[in-house]
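1. how would this look folded up:
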Amino acid sequence: SSGRVGGSVLQAPLKHHSAAEAEFTVLVRSEEKERKLEELADADNLPAIKAVLAGMKRRYGQTGKAPILVHTSGTAVLMDNAEGKYEGTKYYDDTVPEQFDTLAETQIHRNVDLLVVEADKEGYIKSHIVLPSGIYGIASGPLFDAGIGNRHTIAIPLLIKIGVGRGAAGVINEGLNKCPCVHIDDIADLYVTVYDGALSGRAGHGREGYYFGENGHYSCYDLSKAVAEVLVALGKSKNAEPSPFTKEECEQMPLLLLLGANSLCHANRARALGWNPKYTVEDLFKSVKPEAEAILA
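-> Below you'll find the predicted structure:
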């Protein structure tokens, strides 16, 4: 995988104790990266997941053994329409499948997730869905050194680049909404934890197989404020306070509105399986300056 999550995740099983006995097939985003990798998808690619499930169903028919699928979704599936105007109160718990049943099929990622869980219900796969939250940190490792993976995440680089362009950090309205976060290395570790659990049979699957990647929550105003202070320190802005994005800015870049939503969750199933994330919300804020320095360089 040539994305930031896929690249980091792929490096982990390559170092796993079972790697010598495994065969890795990877979906990449370009022929150039395929040549470098010699042997990606996104979480909302419906034709891709249908093709994957069709192949797994065929394999089940041939072997009589349900293959394991570890699928990537995301906590964006939990998003509300706060637009930065209020802090949410509903926290989702990955040990409570009934909460997932309340999510509308129109939520981001949800239509694909439902296909995966339905396939598990039909019995021809064992599905495990990992839902990373707001990923931060600059990815590292041999795949990234080779130019195959994207080192940067989404939210912080986006705020930095737009802040540089407009001369001030931005925020969606008051920025009162809260979001979960996870370091890129911790989310890679979660995939290994789920992988090990799936192989041993300890990991829940299907409706009992959702795994949030979360280690704390931050207010979006606080993140924008951190970006504002870094831009001032680096001489790219004179305003240490973020200013609200205008209606026109949001219309030109709809992705900005995602930064105004609440998506609240607790990774209890993941932790019960043995996941032990090391990085905290404090590390999220500390990551802004090196991220900005890398982007500006």
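2. off-centre distance for stretch 62-74?
-> Relative to its parent chain, stretch 62-74 has a centroid offset of 20 Å by Cα atoms, centre = their mean, to the nearest Å.
3. ends of that stretch, how far apart?
-> With Cα to Cα, to the nearest Å as the measure, the first residue of stretch 62-74 is 32 Å from its last.
4. touching it from outside, list them.
-> Defining contact as Cβ atoms under 8 Å, 6 or more residues apart in numbering, one finds that stretch 62-74 is touched by 5-6, 43, 49, 52-53, 56, 59-60, 108-109, 112-113, 116, 119, 123-133, 191, 194-195, 198-199. C-betas here are computed from N, CA, C, even on glycine.
5. write a PyMOL command that selects only the buried members of those residues.
-> Here is the PyMOL command that selects the buried residues among the contacts of stretch 62-74 (16 or more other Cβ atoms under 10 Å):
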select buried, resi 5+6+43+49+52+53+56+60+108+109+112+113+116+119+124+125+126+127+128+129+130+131+132+133+191+194+195+198
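6. give me the subset of the contacts of stretch 62-74 lying in strands.
-> Among these, DSSP state E puts K126, S127, H128, I129, V130, L131, P132 in strands.
7. for those residues, work out which two are farthest apart.
-> Within the ones in strands among the contacts of stretch 62-74, K126 and P132 form the most distant pair, 20.4 Å apart (Cβ to Cβ).
8. tell me the pLDDT at T153?
-> Looking at T153, its pLDDT is 75.
9. for it, give me its contacts.
-> R4, G134, I135, Y136, G137, I184.
10. secondary structure element for V227?
-> Here V227, judged by DSSP states H and E, is contained in helix 220-233.
11. what's whatever helix or strand comes next after that helix in contact with?
-> Next in sequence after helix 220-233, counting helices and strands by DSSP H and E, comes strand 243-244. Strand 243-244 is contacted from outside by A168, A169, G170, V171, I172, N173, E174, using Cβ under 8 Å, 6+ apart.
12. for H205, which non-adjacent residue is closest in space?
-> In this structure, H205 finds its nearest non-sequential neighbour in K126, 4.3 Å apart by Cβ to Cβ, 6 or more residues apart in numbering.
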